[in-house]
Structure formats: C-alpha cells, structure tokens
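> Generate a structure from the sequence data that follows.
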Amino acid sequence: MATTSDFSIKELSSDIREAIAELKARPEVESVGIVTRAADGIVWVYGLRSCGYNEMIEIDGLSGRKVTAFALNLGEDEIGAVLLGEDASVEAGARARLTGKVLEVPVGPELVGRVVDPLGRPLDGGDAIKAKLTARVERNAPGVLDRKSVEEPMMTGLMAIDTLVPIGRGQRELIIGDRQTGKTAIAVDTMINQARQKSGVVNIYVAIGQKLSKIAALEERLKREGVMSQSIIVATSPADPAAMLYLAPYAATAMGEYFRDNGQHALIIYDDLSKHAVAYRQMSLLLRRPPGREAYPGDVFYIHSRLLERSAKLNDELGGGSLTALPIVETQAGDISAYIPTNVISITDGQIFLETNLFYQGVRPAISVGLSVSRVGGAAQSKAIKAVGGGLKLSLAQFRELASFSQFSTDLDDDTRQTIERGQRLTELLKQPQYSPKSIWEMYCALLAVSSGSFDKVPLEKIKPAEGVLLNQLKTKHKKLVDEINKGAKPTDDQNEQVLKVAKDTAKQYNVDETKGVGEKKD
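Residues are numbered from 1 along each chain as shown. Next up, the predicted model:
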C-alpha cells in the first residue's frame, strides 16, 4: 500500500500544490480530493481520508465529463484508484469526490439472453437493460451453515466427464490445459446440454480479455442451439482497461448469485482466470504494490479464492439454489505446477486436465485420466451412470499404462491383450464431437455395450458407427425402456438384458469375418 513516504507534495507542480493548500483549508478534505497523477488507467488522489476499500470515486474529467474510479490503495495522505474509463480525459489537478457507494451491477432476469460488459451495459446492440435490482460486485461467500452438500448432478453431456470426473450442482470444477486443447469447448457443450435436457439452469459465460470476434461467434452458436435464451454473456476484450478485466468475473458472479439466492440453479464459466490474474498483476504493479513470485502480488491467491468461494449449493431453508463454477486456466507446455494453476487447483473441488498429446491423437475431449479428479461430483452422480462407470476410470488408467509398455513387446498374454483391446474400445467410445452432448440413456447404453464385452469383436474403427446403430435401434424400437433409463435411476437386470440383447444384435453386423477381412460389415 501507498504510505506517506511514497508521496511528496514538493515534487508536484505549483498549480497542484496550490489546489492542495486550498483543499486543506476547507472541511471537505474527508470527501473531496485532488488528482496528483494520472496514467495507465491509475489515478493518485490527495485527500479523501474517509475513503473505504473498493469505494467509488467520481472525478471531474475534461469537457465536463465525469469519470468513475474505485479505490484499491489506501495511504495516509494519498489513495491509489483504478479508472473504469479511459485515462485520457483525466489530468492532474482534477477534483475527485467520494460517492459513498461500493460498485454495484444490475442483476435479475432482465439480463438473461443478453451480452453485457462488467458494469451491466449492453454490448449486443439491444435496448438498455432496465433491471429492477442491483447487487454489489463483491460480497461475502455463504457460510458453512448456509451450505448443503452437493447432491444433484450437473450433467455436461460429455460421456468422458459425466462418467470419469462427474460434476454436481454447487461444485467448482477447474478446466485446465494448454492453449487450443478444447477447454472452452467443454464449457460450451455443458451450456448446450442444459438447454437440451431442459434442466432450467441459467448459464453465465464470462469472457476475460477474449477477442470480440470469438464472443460474437459464441453468441451466434448459442442462438443456433437455442441456448442464448437462458444464458448471459459478460464480455471484455483485450482492448478494455485492466480494471474491466479484473471486475468481469466478480460482476458475473453477482449476476449468478441472484438466481442462486432465489432458489434457482446457475452455471458460471470463467474463461479464463489466467488472463484475470494478469490483469490484476498489471493493476498491482502500477499501484506500486511489491511483486512476488512471477511478479504477481502476494494476494493473487486471495482474489481467486474469494471469487470461487461464492459458488455454492444453499441449504433448503435458503431455497436450495446453487451456483456451479467452471473456471478455466491455461497452462504453458503442460506445466500444471505453475503458480496460478496450483493456486486455483487448491481452491477448487477437482480439475479436468486436458493433454495436448491426446488432443492431437484425436482423443477429444482430451482428458487425462491420471491427472483429472472430481472431489465432490461422485456423490451427486446419477445412479445409472454410477452403475456403468464405476470402474471405468481404473480400467482406462490400467489400459494406458499397459499400452505404453506393450509397444516394446509383441508377445502378450491373453489377459493383457484383452485389457488393451477393451481399453482401446472404451477410448474410442469416449471420443465425442463438439456440440453433440448426450443424454443419460445414451451414455448408459453405449457404455454398457462396450464394458460388458458385447462390442469386443467389433473392429476399432467401427465402434462409433456401431454405437450410432445401437442408440438408433433403442430409440425407435424401445422408447419406453429409453425413457425409464433416462430418469437416472439404476436400471434393473431386465432392462440391462434388453439393452445387451440389442447390443449383441448390433455387434453381429460388425463382427470380424476372416473370409471377408477385418472391419468389413457383414451383409
């Protein structure tokens, strides 16, 4: 923080010294100040002794314009504040006044379906948002007694996630990986799945320093998929001041808390917190705060923890609403032990780690089975998925370990060969194209067919076509069975037998026939 040793009136110009002397002679020194320096989005103000942390300050800009800032450094004689607008209209000698308010943003159903900036102003060319309520950008997270254990699934529609690293409503699950490995794709598919499954969850996507073209493409895609009508996009671009990038996730969380506190369910995606930390580092260095590891300030852990702690599942007395967080963090060359990744990993309830090598091998989503974990979601996993996916993670881990050793040997025993072949088929099954989330019954029936051994004779390259035929047969000829499984309860033995019968009949069409050659479909 700034102290008296950082600030010397003698160094200022004569005009500013006169303005400060005049201010000292008036009783307004508690609530009125003089701008002593302004540059790079930061202003230093003499006076304002009653200013509080994060309090809004109104500054007289050029041509009579008012510019808003909020206080971050509280010194004895001088405070450091961050501008929410352009610094070109603020110059030394300008008057600054306390507003007596902490930053607030509009909240409520009026924001749903809109693209807004962190202050709630529309960016989609639509009408001004006339929200009836506002909420503070920062507020305390719910206490332990206000929370309830995570018990409802937040289905992503991605088979690899819902079976291996399930997410529950109220959980915070980190999506982490190198650039261009499909992190945003997972988050967007989760948003799409909420609309397809009619879950009633409100989606909030926070773009922190993303290209405006990318945000526009996302909005268009969400409209095409019918998701935008239950989504809010809070957007900032690289051209925005660091203050806006810093405020974006806090403002979006306040918007999500409205739904949580009113007994509804919301999903918030922070894309991404790496850029958020960089924006905070920029502000902190300009405010002359001492740098620490990788030049980040010492409280960079705290800014993310107080943000993510606000996501919670509330108890029944408070309405039972939830706010689920999917923060995204970008790694450099797969370094999961870097400063910001380890910080956010220790705050969240698990992480989905995406491997670059798997991504380029065509395994998408490129989830690392060994490094991905969900510390909560298993308790909220639907009984149907739990029944068929219970040993899946262990099976895949064993397969990947055996596969790496088997490349050095051609002589494998039958058990090892079967484990590898089953693992290859499971890996192939878990591949899923973007924008195609699956429902519970589709995941259950496909996994049951492969894990039970019904598809063991189906050639590897025919697993996905065989899955499509199986699901189509079940959907057209066994609709009642499909509807029952889709409720999420553990299927009965009779239901499993029906599914396996269709699976075996499907597999016969693709079985290897030595006279026709491997992989040919039988007539």
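> Please list all residues in contact with Asn262.
By C-beta atoms under 8 Å, 6 or more residues apart in numbering, Asn262 lies in contact with Gly319, Gly321. For every residue, glycine as well, the C-beta is placed using N, CA and C.
> Phi and psi next, for it.
phi -110, psi 30 (degrees, to the nearest 10).
> before we move on, what about Val373?
Dihedral angles of Val373 (phi, psi; degrees, to the nearest 10) stand at phi -150, psi 150.
> burial count for it?
Val373 has 18 neighbours, counted by other C-beta atoms under 10 Å.
> wait, isn't it in contact with Gln351?
Yes: the criterion here is C-beta atoms under 8 Å, and Val373 meets it with Gln351 at 6.6 Å.
> For stretch 51-64, give me every contacting residue.
Contact with stretch 51-64 is made by 33, 35, 43, 45, 48, 66-72, 74, 79, 81, 83, 85, 89-91, 94-103, 137-138, as judged by C-beta under 8 Å, 6+ apart.
> how deep is Thr342 tucked in, by neighbour count?
Look at Thr342: counted by other C-beta under 10 Å, it has 14 neighbours.
> What residues does it make contact with?
Contacts for Thr342 were tallied using C-beta under 8 Å, 6+ apart; they are Ile336.
> Report the buried residues of the helix or strand hosting it.
Taking DSSP states H and E as the criterion, Thr342 maps to helix 339-347. Of the residues in helix 339-347, Tyr339, Ile340, Pro341, Asn343, Val344, Ile345, Ile347 count as buried by neighbour count, 16 or more other C-beta atoms under 10 Å.
> For the stretch 1-150 of the chain, which segments count as helices?
Taking DSSP state H, counting those that start in this stretch to define them, one finds helices in the stretch 1-150 of the chain at 14-24.
> what stretches of it score poorly on pLDDT?
Applying pLDDT under 70 to the stretch 1-150 of the chain flags residues 1-11, 25-29.
> where are the low-confidence patches of the stretch 351-500 of the chain?
For the stretch 351-500 of the chain, the ranges with pLDDT under 70 are 407-410.
> Return the distance of Ala239 relative to Leu358.
34 Å (C-beta to C-beta, to the nearest Å).
> Show me which of the two is the more surrounded one.
More neighbours surround Leu358 than the other of Ala239 and Leu358, with 20 against 9 (other C-beta under 10 Å).
> Validate this expectation: that one resides in a strand.
No: using DSSP: H, G, I helix; E, B strand; the rest coil, the secondary structure at Leu358 is helix, not a strand.
> so who does the closest residue to it other than its chain neighbours touch?
Excluding the flanking residues, the one nearest Leu358 by C-beta to C-beta, 6 or more residues apart in numbering is Ala366, at 3.8 Å. Taking C-beta under 8 Å, 6+ apart as the criterion, Ala366 is in contact with Gly177, Thr181, Gly182, Leu354, Glu355, Thr356, Asn357, Leu358, Phe359.
> Repeat the analysis, applying 6 Å as the threshold.
Under the criterion of C-beta atoms under 6 Å, 6 or more residues apart in numbering, the contact list for Ala366 reads Thr181, Leu354, Glu355, Leu358, Phe359.
> One more: Leu84?
Listed by C-beta under 6 Å, 6+ apart, the contact set of Leu84 reads Thr68, Ala243.
> Return the distance of it relative to Tyr246.
10 Å.
> Among the contacts of stretch 51-64, which ones are in strands?
Using DSSP state E, the subset of these located in strands is 33, 35, 43, 45, 66-72, 74, 79, 81, 83, 95-102.
> Quick check: longest helix in the protein by residues?
Counting residues, the longest helix found in the chain (DSSP state H) is helix 242-261.
> Give me the distance between the residue lying closest to Val45 once chain neighbours are set aside and Ser13.
In space, and not counting its chain neighbours, Val45 is closest to Gly33: 4.1 Å by C-beta to C-beta, 6+ apart. Separation of Gly33 from Ser13 (C-beta to C-beta): 16 Å.
> Compare the two and say which is more crowded by neighbours.
Set Gly33 next to Ser13 and count neighbours by other C-beta under 10 Å: Gly33 wins out with 30 against 11.
> which residues does the residue nearest to Val45 bridge with?
With DSSP bridges applied, Gly33 shows beta-bridge pairing to Gly47, Ala96.
> Spit out the contact partners of it.
By C-beta under 6 Å, 6+ apart, the residues touching Gly33 are Val45, Tyr46, Gly47, Leu48, Ala96.
> Farthest-apart pair in those residues, please.
Largest separation among these by C-beta to C-beta: Tyr46 and Ala96, giving 8.9 Å.
> one step back: list buried residues within the contacts of stretch 51-64.
Among these, those buried by neighbour count (16+ other C-beta under 10 Å) are 33, 35, 43, 45, 48, 67-72, 74, 79, 81, 83, 85, 89-90, 94-98, 102-103, 137-138.
> got the contact list for stretch 327-337?
174-176, 178-179, 183, 270-274, 341, 344.
> Okay, buried residues for that stretch please.
Pro327, Ile328, Val329, Glu330, Thr331, Gly334.
> Out of these, flag the one nearest to Pro297.
For the buried residues of stretch 327-337, the nearest to Pro297 is Val329 (17.8 Å; C-beta to C-beta).
> Now distance to Pro142 too, for the contacts of Ala366, in JSON lines please.
Formatted as JSON lines, the contacts of Ala366 follow (distance: C-beta to C-beta, whole Å):
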{"residue": "Thr181", "distance to Pro142": "33"}
{"residue": "Leu354", "distance to Pro142": "30"}
{"residue": "Glu355", "distance to Pro142": "35"}
{"residue": "Leu358", "distance to Pro142": "37"}
{"residue": "Phe359", "distance to Pro142": "37"}
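> what's the farthest-apart pair in those?
Pairwise distances across the contacts of Ala366 peak at 8.5 Å for Thr181 and Leu358 (criterion: C-beta to C-beta).
> Helix or strand next in line after the helix holding Thr342, which one?
Following helix 339-347 toward the C-terminus (DSSP H and E): strand 350-354.
> and that following strand, what does it pack onto?
Other elements packing on strand 350-354 under the criterion 3 or more C-beta pairs under 6 Å, 6 or more residues apart in numbering; DSSP states H and E are strand 174-177.
> Following element in sequence after the strand it packs on, please.
Past strand 174-177, the next helix or strand by DSSP H and E is helix 183-196.
> That next one to strand 350-354, inter-axis angle?
Counting by axes from the mean of the first three to the mean of the last three C-alpha atoms, to 10 degrees, helix 183-196 points 120 degrees away from the direction of strand 350-354.
> and after helix 183-196, which helix or strand comes next?
Counting by DSSP H and E, what follows helix 183-196 is strand 202-207.
> Which neighbouring elements make contact with that next one?
Secondary-structure packing of strand 202-207 (3+ C-beta pairs under 6 Å, 6+ apart): strand 231-235, helix 242-261, strand 265-271.
> How about residues contacting whichever helix or strand comes after the last one?
Using DSSP H and E, the next helix or strand after strand 265-271 towards the C-terminus is helix 273-286. For helix 273-286, the external contacting residues (C-beta under 6 Å, 6+ apart) are 40, 42, 82, 208-209, 242, 245-246, 249, 296-297, 300, 303, 327, 329-330, 340, 344.
> for the nearest residue to Gln495 once chain neighbours are set aside, phi and psi?
Of all residues not flanking Gln495 in the chain, Leu481 sits nearest, at 6.1 Å (C-beta to C-beta, 6+ apart). For Leu481, the backbone dihedrals (degrees, to the nearest 10) come out as phi -60, psi -40.
> what packs against whichever strand or helix holds Leu500?
Secondary structure assignment for Leu500, by DSSP H and E: helix 493-508. Counting contacts by 3+ C-beta pairs under 6 Å, 6+ apart, helix 493-508 is packed against helix 440-451, helix 463-477.
> same thing but 10 Å
Based on contacts counted as 3 or more C-beta pairs under 10 Å, 6 or more residues apart in numbering; DSSP states H and E, the elements that helix 493-508 packs against are helix 383-389, helix 440-451, helix 463-477, helix 479-485.
> angle of the longest one against helix 440-451?
So that's helix 463-477. Using the same axes, to 10 degrees, one finds that helix 463-477 and helix 440-451 are set 130 degrees apart in direction.
> Give the buried residues for helix 463-477.
Using 16+ other C-beta under 10 Å as the test for burial, helix 463-477 gives Ile463, Ala466, Glu467, Val469, Leu470, Leu471, Leu474.
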